[in-house]
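*Asks:* Return atomic coordinates for the entry below.
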Amino acid sequence: MLVVLLGGSPSQKSRSNVLLERSRRWLQAHGIEVVSYQVRDFNAEDLLFARFDSPQIQALQAHIALADGLLVATPVYKASFSGALKTLLDVLPERALHHKVVLPIATGGSSAHMLAVDYALKPVLAALKAQEMLHGIFADDSQIAYTDNGAQLAPALEQRLDDALQHLVQALNRRPQPIAPGLLNERLISGRWST
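*Replies:* Here you go, the predicted structure:
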C-alpha cells in the first residue's frame, strides 16, 4: 500500500508540516509505504508555467498514479488553502485522484478558518476525482506548541489525528482491488455459462 503525502506550506517550519510528519511516522509504523512531497521542493517556475515535462512534476504524477491514498496538509491563508498548493494541484492530470482515498489536513490561526477544508480544499480535490474523501482535520495554532523537544500536539488533536489515520487505513483496506484485464478475460472465457 502506498500513500503520497503532500505538504502545502512554503515554510520550512510549519504547523501543517508537523501534522504531516506525525502522519508519516504513524503510517510507516503501521506498515504503509509513504512518499513525501513539499511545495517548496518544486521549482517555482515549473509550477507557475505548468511545465508538465519537469522531472519533479513527472515524478509526483507517477507516484500519485501508483498511490492508493493521498494525505494533503496545508496552512490556511485568507480563508483558503495555500496558493502554492493550488499551483501544485493544477499540474496534476484531470483524474489524478481517481480510485484514491484522500485525507485533507489544515492548520490556521483560529477556529474561524475551520471551514477552509470543506469549502476551499475539498472541492479542488473532488475536481481531481478523489474516490473517497475522508473528514478533514483542522488544527488551530494553539493546539500545536513548539518546545525545546520539538512540536507538541494538544491531546485532543493527537486523538483526532490518530482517529483520522485509522479511518484512512480502513478506507484503504476496503478499496476494491483492480483485476488485471488478462485475468478478467481468462475468467470470462473459462467460466461456465448457463441460461
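*Asks:* mind listing the strands in this protein by residue range?
*Replies:* Per DSSP state E, the chain carries strands over the ranges 2-7, 33-38, 69-77, 80-81, 101-108, 132-133, 137-140, 144-147, 150-153.
*Asks:* Direction-wise, compare the third one with strand 101-108 and give the angle.
*Replies:* Looking back up the chat, that one is strand 69-77. 20 degrees (axes from the mean of the first three to the mean of the last three C-alpha atoms, to 10 degrees).
*Asks:* can you list the weak-confidence ranges in the protein?
*Replies:* 176-182, 184-185, 187-189, 191-195 (pLDDT under 70).
*Asks:* Please report the residue range of the longest helix in it.
*Replies:* The single longest helix within the chain, with elements called by DSSP state H, is helix 155-174.
*Asks:* Check which helices and strands that helix is in contact with.
*Replies:* helix 15-29, strand 69-77, strand 101-108, strand 137-140 (3 or more C-beta pairs under 8 Å, 6 or more residues apart in numbering; DSSP states H and E). Backbone N, C-alpha and C define where each C-beta goes, glycine included.
*Asks:* Of the ones you listed, which is nearest residue 46?
*Replies:* Of all those, strand 69-77 sits nearest to residue 46, with 19.3 Å by C-beta to C-beta.
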